[in-house]
Every structure is written in C-alpha cells, then in structure tokens.
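**Student:** prediction below, plus the sequence it came from.
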Amino acid sequence: MSEFFLENQSIIYIVILSILLGIEVISNVPAILHTPLMSGANAIHGVVIIGAIIVMGHAASDDYLALTLGFLAVLLGTLNVVGGFVVTNRMLEMFKKKKG
C-alpha cells in the first residue's frame, strides 16, 4: 500500500490541493452568482455522466470495481444535475410576476 502512495505522490498532492482550492473558491462565491454557477455545474456534471457511461461500456464484465464506480458516478451526477435544475427553476420562479 505504501508503494502506491510513493509512486503516485505528486498526483495525490494535486488532488489534495485541488480539493482545498475548490473549497476556498466555492466558499467565496457571492449569492448573486449562485444561479449562473449552478447552471455551469449542471453542464459539467452532464459531461461526467456521459464519461461514466462510456467508462462503464468499456469496462470488462468481471471488473466490478470499475462498474460500481461508474454506476455511482452516473447516479450521483444525475442527482446533482436534477437537483441543480430544480433549485434553479425555483429561484427563477421567484422573479416571475404573480397573476392576481
């Protein structure tokens, strides 16, 4: 196990730094930019879903790890896209004039 960490040390550092940078960037986003960023995140997660489907299609039928991770990526990506659209739709409904 320690060989894995030694061989992939630079990649692990990049992942840790990107997580910390992502948390810092997201925590400093003003509320006014939330809806446009949500739309961008929906588009990115759409690409993640397509990528996960492609990976699952190319995985061997006995590679349960790849199939499980691909399924989880499709499931979580889909939940994020649908949830993002629901939140964006609710926010846009607040700006419509009510019929009296």
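**Tutor:** Here it is on my side, so go on.
**Student:** could you use CA atoms for every contact and neighbour count after this?
**Tutor:** Will do.
**Student:** neighbours around A52, how many?
**Tutor:** A total of 22 residues lie near A52 under the criterion other Cα atoms under 10 Å.
**Student:** so it is in which element?
**Tutor:** Assigned by DSSP states H and E, A52 falls within helix 34-58.
**Student:** what's the local residue count around G70?
**Tutor:** Around G70 there are 22 residues (other Cα under 10 Å).
**Student:** in the one helix or strand it maps to, which residues are buried?
**Tutor:** Of the helices and strands defined by DSSP H and E, G70 is found in helix 64-93. Using 16 or more other Cα atoms under 10 Å as the test for burial, helix 64-93 gives 66-67, 70-71, 73-74, 77-78, 80-81, 84-85, 88.
**Student:** how many degrees apart are that helix and helix 34-58 in direction?
**Tutor:** 160 degrees (axes from the mean of the first three to the mean of the last three Cα atoms, to 10 degrees).
**Student:** so which elements touch helix 64-93?
**Tutor:** For helix 64-93, the packing partners by 3 or more Cα pairs under 8 Å, 6 or more residues apart in numbering; DSSP states H and E come out as helix 34-58.
**Student:** got the CA positions of the helix or strand where L17 lies in CSV?
**Tutor:** Per DSSP H and E, L17 falls inside helix 9-27. Output of helix 9-27 as CSV, limited to C-alpha atoms (Å, rounded to 0.1, in the frame of the first residue of the first chain):
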residue,chain,number,x,y,z
GLN,A,9,2.8,11.1,-4.6
SER,A,10,2.6,14.0,-7.0
ILE,A,11,-0.9,13.1,-8.1
ILE,A,12,-2.1,12.7,-4.5
TYR,A,13,-0.7,16.2,-3.8
ILE,A,14,-2.5,17.6,-6.8
VAL,A,15,-5.8,16.1,-5.7
ILE,A,16,-5.5,17.4,-2.2
LEU,A,17,-4.6,20.9,-3.4
SER,A,18,-7.4,21.0,-5.9
ILE,A,19,-9.9,20.0,-3.1
LEU,A,20,-8.6,22.8,-0.9
LEU,A,21,-8.7,25.3,-3.7
GLY,A,22,-12.2,24.2,-4.7
ILE,A,23,-13.5,24.7,-1.1
GLU,A,24,-11.9,28.1,-1.0
VAL,A,25,-13.3,29.3,-4.3
ILE,A,26,-16.8,27.9,-3.6
SER,A,27,-17.0,29.4,-0.1
